[in-house]
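Colleague: Give the three-dimensional model of this entry:
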Amino acid sequence: MLAAAAVCPCPPLLVPEVAAGAAPEMDAARAACVDALGVLAAARPDLLVVVGATGPSEDGRDGPYAEGAYGSFRGFGVALDVRLGRDTGAGSGRPLPLSLAVGAWLLERTGWSDAPVEGLAVAGTLPAARCAEAGREIAARSGRVALLVMGDASACRSVKAPGYLDDRAEPFDAAVARALGAADVAALQALDVETASALKAAGRAPWQVLAGAAEVAGLSGALLHDDAPYGVGYLVATWS
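Modeller: Prediction:
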């Protein structure tokens, strides 16, 4: 049964070493993420699953990841490696996709040691029904499951955004923010896959995994952060 969830953005800029001189611009988002992980710890789960989407250049990296899997930010010119939870010797397999690597960094930053940690990477194109099914399977794994859900909102909020300006982006993000803040499972499940893809909303599939996991949990939501400093929507929320 799902006991709690934290929803966080997953840009590499969340990691100060990657952001370098731009690091202070993400301070509010980082602080909100730390608060969100505090809610997960307070729920005392027996299993934490980090869920994120794979990007277009990460083919073949979707699927489950065991505790101890490793990730790296060396592709951004930073000598920084991370590990998903404890070192269990599982670090010799395929590296974590970026969304899960950012999640692993958050867990290391907050000193997570409250429960075993696993990862699930879902393809960004995974249909909504398949996402919900994956969420239900996760929720059935243990008596008290927590989710750390990694994903950005639209990347089309300004002319300098990665996807350029799209008038649909701001209302799309506002609808997602309302759904996350209200723990509205139905609203997340109803997100249109094609619209989310056009707006480069990497969080769509992970949010719909969350929706599937929370169908019978009866959780309440809180929106902790909502901003788009680089034309990309960054949302932080908790369900408990």
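
Colleague: Buried residues in the longest helix anywhere in the chain, which are they?
Modeller: Counting residues, the longest helix found in the chain (DSSP state H) is helix 27-42. Within helix 27-42, the residues scored as buried using 16 or more other Cβ atoms under 10 Å are 29-30, 32-37, 39-41. C-betas here are computed from N, CA, C, even on glycine.

Colleague: do stretch 118-134 as well
Modeller: 118-124, 126, 128, 130-132, 134.

Colleague: Tell me the secondary structure at the nearest residue to residue 185 once chain neighbours are set aside.
Modeller: Using Cβ to Cβ, 6 or more residues apart in numbering and skipping the chain neighbours, the partner closest in space to residue 185 is residue 211 (4.7 Å). Three-state assignment for residue 211 (DSSP: H, G, I helix; E, B strand; the rest coil): helix.

Colleague: tell me the phi and psi of residue 204?
Modeller: phi -50, psi -50 (degrees, to the nearest 10).

Colleague: sorry, back to before: show me what the longest helix of the chain is in contact with.
Modeller: Residues outside helix 27-42 that contact it (Cβ atoms under 8 Å, 6 or more residues apart in numbering) are 4-9, 14, 16, 48, 106-107, 109-110, 112, 114, 146, 148, 224-225, 227, 234, 236-238, 240.

Colleague: can I have that helix written out in CSV, keeping just the CAs?
Modeller: C-alpha atoms of helix 27-42 as CSV (Å, rounded to 0.1, in the frame of the first residue of the first chain):
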residue,chain,number,x,y,z
ASP,A,27,18.0,27.0,-4.1
ALA,A,28,14.2,27.3,-3.5
ALA,A,29,13.6,24.1,-5.5
ARG,A,30,16.3,22.2,-3.6
ALA,A,31,14.9,23.3,-0.2
ALA,A,32,11.4,22.2,-1.2
CYS,A,33,12.8,18.8,-2.3
VAL,A,34,14.5,18.4,1.1
ASP,A,35,11.2,19.1,2.8
ALA,A,36,9.4,16.6,0.6
LEU,A,37,11.9,13.9,1.4
GLY,A,38,11.3,14.6,5.1
VAL,A,39,7.6,13.7,4.6
LEU,A,40,8.7,10.4,3.1
ALA,A,41,10.9,9.7,6.1
ALA,A,42,8.1,10.6,8.5
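
Colleague: Which other helices and strands does the following helix or strand past it contact?
Modeller: For helix 27-42, the following helix or strand on the C-terminal side (DSSP states H and E) is strand 47-54. Judged by 3 or more Cβ pairs under 8 Å, 6 or more residues apart in numbering; DSSP states H and E, strand 47-54 is in contact with helix 98-109, strand 117-123, strand 145-150, helix 204-213.

Colleague: Give me the mean pLDDT for the longest one.
Modeller: The one in question is helix 98-109. Taken as a whole, helix 98-109 carries a mean pLDDT of 98.

Colleague: before we move on, back to that, dump the helices and strands packed on strand 47-54 to a markdown table, plus distance to residue 190.
Modeller: As requested, the helices and strands packed on strand 47-54 are exported to a markdown table (distance: least, Cβ to Cβ, whole Å):
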| stretch | distance to residue 190 |
| --- | --- |
| helix 98-109 | 23 |
| strand 117-123 | 18 |
| strand 145-150 | 17 |
| helix 204-213 | 9 |
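
Colleague: Pick the most deeply packed of these.
Modeller: Ranked by mean neighbour count, the helices and strands packed on strand 47-54 are led by helix 204-213 with a mean of 30 (mean count of other Cβ atoms under 10 Å).

Colleague: buried residues in whichever helix or strand comes after it?
Modeller: The helix or strand immediately downstream of helix 204-213 is strand 221-227, counting by DSSP H and E. For strand 221-227, the neighbour count (16+ other Cβ under 10 Å) marks 221-227 as buried.
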